[in-house]
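Student: missing the sequence, but the structure's below:
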């Protein structure tokens with residue numbers, strides 16, 4: 001008979017993408033569903049033995065470079081702060097990239113929505 005499977009922590013040598021959180025236009029506020037999704041990922045991160053998180057914030061290209069820099073920083077900080085609540089034992093670093101590193105065209109509303117995001121990666 002087999003017992004419960006053994007969880008073997010993964011030793012990361014580079015950041016591993018864990019979750020992408022998208023935001024409403026001009027917002028850095030986490031919704032309740034987003035918090036629940038982050039908490040679910042946090043449980044996995046905890047069981048795998050990761051010790052560091054990187055949260056990168058981004059914006060779409062509609063605002064000025066200065067506004068997008070502030071907004072992407074606020075998004076990264078909002079996610080990082082919540083990660084610190086659910087994973088207080090893990091070091092979290094937040095970085096902001098403004099409208100750089102778009103993952104979709106900023107010429108469409110759908111693309112802009114995809115670019116208004118934070119990306120959480122584990123170490």
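Tutor: Nice, thanks for sending it over. Predicted model only: the values in this text are computed from it and were never measured.
Student: Every contact and neighbour count from this point should use C-alpha atoms.
Tutor: Will do.
Student: Low-confidence ranges, the chain, go.
Tutor: Judged against pLDDT under 70, the low-scoring parts of the chain cover residues 1-2, 8-12.
Student: what about stretch 49-67, how long is it end to end?
Tutor: Using C-alpha to C-alpha, to the nearest Å, the gap from the first to the last residue of stretch 49-67 comes to 36 Å.
Student: Same question for that stretch: list its buried residues.
Tutor: Judged by neighbour count using 16 or more other C-alpha atoms under 10 Å, the buried positions of stretch 49-67 are 49-61, 67.
Student: At which residues are the strands of the protein located?
Tutor: Taking DSSP state E as the criterion, the chain contains strands spanning 16-22, 52-57, 91-96, 117-122.
Student: May I see the ones you listed organised as TSV, with distance to residue 79 added?
Tutor: Shown next, in TSV, are the strands of the chain (distance: least, C-alpha to C-alpha, whole Å):
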stretch	distance to residue 79
strand 16-22	8
strand 52-57	7
strand 91-96	8
strand 117-122	8
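Student: All good on my end, thank you.
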